[in-house]
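Student: Structure of the sequence below:
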Amino acid sequence: MKILSGKKKRILVLFCAAAAAGAMLLGGCGSEKKGKLDPDNPVTVTVWHYYNGAQQTAFDSLVKEFNDTVGMEKGIFVKSTGKGDVNQLEESVMSALKKEVGSDEAPDIFSSYADTAYEIQQMGYLADLSPYLTDEEIGEYVDSYVEEGRIGKGNQLFIFPTAKSSEIFMLDKTDWETFANATGASLDALGTMEGLAETAKEYYEWTDSLTPDAENDGKAFYGRDAMANLFIIGSMQLGTEIFKVEDQQVTLQVDRDVMKHIWDTWYVPYVNGYFSSYGRFRSDDVKIGEIISYTGSTTSAMYFPDAVELEDETYPIEYIILPAPVFEGGSPYAVQQGAGMVVTGSDAQREYACTEFLKWFTQSENNIVFGCASGYLPVKKDANDKGMLDKVIAEKGLEVAPKTFDTLVAAFDTVKSSKMYTNKAFQGGTAARKVLEYDLSDKAAADRAVVEESLNAGKSLEEATAEFISDAAFDEWFTSLESKLQEAVESK
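Tutor: From the prediction side, this is the model:
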């Protein structure tokens, strides 16, 4: 090895420093960082996910296709493993990262929601993926999906958007038509929360009238999954961002008028019996005839029942898919949800290999193939299009369930016509979301049970609900909600 003199060494150091600075400058302008791969010595990339059933089958099939084609050419081999549900996956990841006794080695890639990813990023375990993508590549993805992944500082990208979902309104067409033919009810009324609440009241009163010998036995019309979305998206529609996050710091904005609007259009109908929740998911409630409509994730559409199963009869039903109802006069915000994938920090070669797989998986054609089996929405702008969907189905010879196809088409319209939104991740975000998810829904269920006892004791519906829907009752709940949310956002 030739030893350089001090002067030559200084020149070389200065040259290398200048070259490094130039490379950093180019990286900041959106160039792509590449790790060296060798097809003869492939890098094995491990992926942990929470997919199951048809979703897992579709994902595994795509992984195999990647390994047999692009992966083989570039020297990347992907090994995927399902780790149960979301909570089980999170527990497995945390155990692995902390190297707990009996845990597996941490994966290179894993599915993660923003709040969990934020927590792990704060621990220093995640790779910034922005150096491995050009500005042009990033620009192909739905802007809000990319923005959700920027949980670090500046333009750092820690969550790679891989598959998303939104919300839709599912309706039992068969029972709806019986009701609509008898009362003149219109589907147009179901476009707003206010119209939905009024229609649900009419449905309760109409079903109650069918049994004149039994008072107050009307049926609920509607339910919803994911109560937190009602608060977060409802607040945005009505002009307030409940969790305003800037520079990783959250400001809590619980607007009293907005909360009163949600109270009047969800809680009040619920305690009156116009809305309901019985099983784990509202699609389960449709199946047993508890309700005939619900707002739920686009991925839930495949679980919408083909028949209603009552104690004394079972009958087939058809479905109608509509946009999720919004608040009257509000801005057209729609919920953006679904986990992305994150990469554990390692070295340039491995991080590059991980990103190459994620870029391949989210190519429009591949992402649509996954969506046709899973109900998830593709993440690139050009893929959220019925024409593209039809093209991929025809070229690939895919068999797509009608409910899944109709849901994807409806969701594409939502993505194009709405402002997609999810709050930025922040410390305490998981705890705060749990407050929104359970606080009012648990109260509504408990209060409705008391109302039913009063009805059985001979009180009228107005008498039975009076104490629960008063201004004083709202004030008490609102004060409690504010306190619980403040405690949650301050939690460590």
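Student: list the contacts for the residue most central in space within the chain?
Tutor: Nearest to the mean C-alpha position of the chain, by C-alpha atoms, centre = their mean, lies Gln337 at 2.0 Å. By C-beta atoms under 8 Å, 6 or more residues apart in numbering, Gln337 lies in contact with 164-167, 226, 229, 297, 422. All C-beta atoms are positioned from the backbone trio N, CA, C, and that covers glycine.
Student: Tell me how the protein divides into domains.
Tutor: The record assigns the chain these domain ranges, following automatic domain parsing: 35-165+337-421, 167-335+428-489.
Student: As TSV, those domains with mean pLDDT would be great.
Tutor: TSV is the format used below for the domains of the chain (pLDDT from 0 to 100):
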stretch	mean pLDDT
domain 35-165+337-421	96
domain 167-335+428-489	97
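Student: one step back: who does the residue nearest to the centre of the chain form a beta bridge with?
Tutor: When bridges are called by DSSP bridges, Gln337 pairs up with Ser165.
Student: quick thing: my sequence starts at 285, can you match it?
Tutor: Sure thing, new numbering starts at 285, so read that last one as Gln621.
Student: which residues touch Gly436?
Tutor: Contacts of Gly436 (C-beta under 8 Å, 6+ apart): 405, 412, 442.
Student: Pull up the gap between it and Ala709, please.
Tutor: 10 Å (C-beta to C-beta, to the nearest Å).
Student: Could you do Gln440 as well?
Tutor: In terms of C-beta to C-beta, Gln440 sits 13 Å off from Ala709.
Student: Between those two, tell me which one has more neighbours.
Tutor: Shown here are Gln440 and Ala709; by other C-beta atoms under 10 Å, Ala709 has more neighbours (26 against 16).
Student: which SS class is that one?
Tutor: coil (DSSP: H, G, I helix; E, B strand; the rest coil).
Student: wait, doesn't it sit right on Asp399?
Tutor: Yes - counting by C-beta atoms under 8 Å, Ala709 does reach Asp399; the two are 5.2 Å apart.
Student: For the spatially closest residue to Leu745 that is not a sequence neighbour, give me its contacts.
Tutor: Closest residue in space to Leu745, ignoring its immediate chain neighbours: Asn500 at 5.6 Å, by C-beta to C-beta, 6 or more residues apart in numbering. When contacts are counted by C-beta under 8 Å, 6+ apart, Asn500 touches 492, 557, 739, 744-745.
Student: swap the cut-off to 7 Å and go again
Tutor: 492, 739, 745 (C-beta atoms under 7 Å, 6 or more residues apart in numbering).
Student: From what I see, the last one and Val555 are in contact.
Tutor: No - counting by C-beta atoms under 7 Å, no contact exists between Leu745 and Val555, whose distance comes to 9.7 Å.
Student: what about those two, which has more around it?
Tutor: Val555 (25 against 19).
Student: How many residues are close by Ala464?
Tutor: 15.
Student: Without its sequence neighbours, what residue ends up closest to it?
Tutor: Closest to Ala464 by C-beta to C-beta, 6+ apart is Ser470, at 7.3 Å.
Student: tell me the strands in the stretch 335-484 of the chain, going along the chain?
Tutor: 360-366, 393-396, 451-456 (DSSP state E, counting those that start in this stretch).
Student: Format the ones you listed as CSV; extra columns: mean neighbour count and distance to Met543.
Tutor: Formatted as CSV, the strands of the stretch 335-484 of the chain follow (neighbours: other C-beta atoms under 10 Å; distance: least, C-beta to C-beta, whole Å):
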stretch, mean neighbour count, distance to Met543
strand 360-366, 19, 39
strand 393-396, 27, 30
strand 451-456, 24, 20
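Student: Tyr487: which of the ones you listed is closest?
Tutor: strand 451-456 (11.2 Å; C-beta to C-beta).
Student: For that closest one, name the packing helices and strands.
Tutor: strand 577-581, strand 603-607, helix 686-701 (3 or more C-beta pairs under 7 Å, 6 or more residues apart in numbering; DSSP states H and E).
Student: which stretches of the stretch 635-776 of the chain form strands?
Tutor: Under DSSP E, counting those that start in this stretch, the stretch 635-776 of the chain gives strands at 703-705.
Student: could you say which helix or strand contains the closest residue to Leu720 other than its chain neighbours?
Tutor: Closest residue to Leu720 apart from its sequence neighbours, by C-beta to C-beta, 6+ apart: Ala512 at 4.0 Å. In the assignment (DSSP states H and E), Ala512 maps to helix 511-521.
Student: got the buried residues for that helix?
Tutor: 511-521 (16 or more other C-beta atoms under 10 Å).
Student: Show me the contact partners of the helix or strand that it is followed by.
Tutor: Counting by DSSP H and E, the next helix or strand C-terminal to helix 511-521 is strand 527-530. When contacts are defined by C-beta under 7 Å, 6+ apart, strand 527-530 is touched by residues 534-537, 707-708, 710, 716.
Student: Cool, thanks, signing off.
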